[in-house]
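*Asks:* From the sequence below, what's the structure:
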Amino acid sequence: MCASSLIYRGRIAPTPTGHLHLGHARTFWIAQQRAMAEGGSLILRMEDLDRSRCKPSFITDCYEDLKWFGFQWQEGPDIGGPHEPYDQSASMHLYHTAMETLKAKGHLYPCTCSRKDIQQAQRAPHAADDEWLYPGTCRATNSSTWKDFSHQSHCWRFRVPDGEIISFEDRRLGLKHYRAGQDFGDFVIWRSDGVPSYQLAVTVDDHRMQISEVVRGEDLLVSTARQLLIYRALGWKAPAFYHCPLVCDDSGQRLAKRHASLSLRMLRSQGSDAESLQASWS
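*Replies:* Now for the predicted structure:
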């Protein structure tokens, strides 16, 4: 289901809801190295849709940390420079158009279920990436009844083709298979607060930026299967994918933004230098 471009275009896409940590740096560094090896371009995209958590200070710090570590992007925003179209917050109209297209093609349905409703559903299992598998409570709705949802808080879900095997060739891990309806269920495309989901936003962004290879952590393997369904539904060619190993702490837990002691900003303040950190991954 994947097709790559002859001209290599990679990307790094931080979410400025906290400070970058070593896990981010390693994944982004691999993305940069792969772009350089192919003689291609690296694009910086700021995934800032969560306006309540994406503080201006985090955005400014993100640019500084990326530059300190040695990242050099050929396209994208910079401190004080033009940000469109590389900030997701400036691209809402594109996400909305894609959502309306999916809706018109019959791939979406409105859902009034809360996260708590899904968790409390009888025998609700987890998906392969430990997300709650949607039990299908609102799945039977169709366009003739959508007006009944107009006065209720609701999201829009993508109706997955139950039982279909979604396959793709990962450039690090080889052939991967996920079964729709078992490894992942109907997933959110548009949130009830009026914000596009991660699955929709990154698919639209990677397509419009003509990304030829997506480099990201292996915790997003199942998300790739979801996004391939969006690509297919919209009639777009998908990029190639390379999923990196995750960086874990001493207890074996993957790094998250709560690991402040391993943030680039903290390591820098403690006297670490970027070259030594980079060399430790060689």
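
*Asks:* how far does the helix or strand hosting residue 204 sit from the chain's center?
*Replies:* Secondary-structure assignment from DSSP states H and E places residue 204 in helix 198-208. Its chain's C-alpha centre lies 8 Å from the corresponding centre of helix 198-208 when counted by CA atoms, centre = their mean, to the nearest Å.

*Asks:* For that helix, which helices and strands make contact with it?
*Replies:* helix 92-104, strand 187-190, helix 221-234 (3 or more CB pairs under 8 Å, 6 or more residues apart in numbering; DSSP states H and E). C-beta coordinates here come from the backbone N, C-alpha and C atoms, glycine included.

*Asks:* so where's the chain shaky on pLDDT?
*Replies:* 1-5, 79-84, 122-124, 142-151, 248-261, 281-282 (pLDDT under 70).

*Asks:* And the helices in it?
*Replies:* 22-37, 56-69, 92-104, 115-120, 198-208, 221-234, 264-269, 274-279 (DSSP state H).

*Asks:* could you dump those to TSV with mean neighbour count and distance to residue 154?
*Replies:* Shown next, in TSV, are the helices of the chain (neighbours: other CB atoms under 10 Å; distance: least, CB to CB, whole Å):
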stretch	mean neighbour count	distance to residue 154
helix 22-37	20	33
helix 56-69	17	30
helix 92-104	16	13
helix 115-120	12	12
helix 198-208	21	16
helix 221-234	21	19
helix 264-269	17	39
helix 274-279	13	45
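
*Asks:* looking at those helices, which is closest to residue 45?
*Replies:* Judged by CB to CB, the one of the helices of the chain that comes nearest to residue 45 is helix 198-208, at 6.0 Å.

*Asks:* Just the angle for that closest one relative to helix 221-234, thanks.
*Replies:* Note on geometry: by axes from the mean of the first three to the mean of the last three CA atoms, to 10 degrees, helix 198-208 and helix 221-234 are set 60 degrees apart in direction.

*Asks:* can you list contacts of helix 198-208?
*Replies:* Taking contacts as CB atoms under 8 Å, 6 or more residues apart in numbering, the residues outside helix 198-208 that touch it are 11, 13, 45, 47, 49, 85, 88, 91, 94-95, 98-99, 158, 187-190, 196, 211, 214, 223, 226-227, 230-231, 234, 236, 239.
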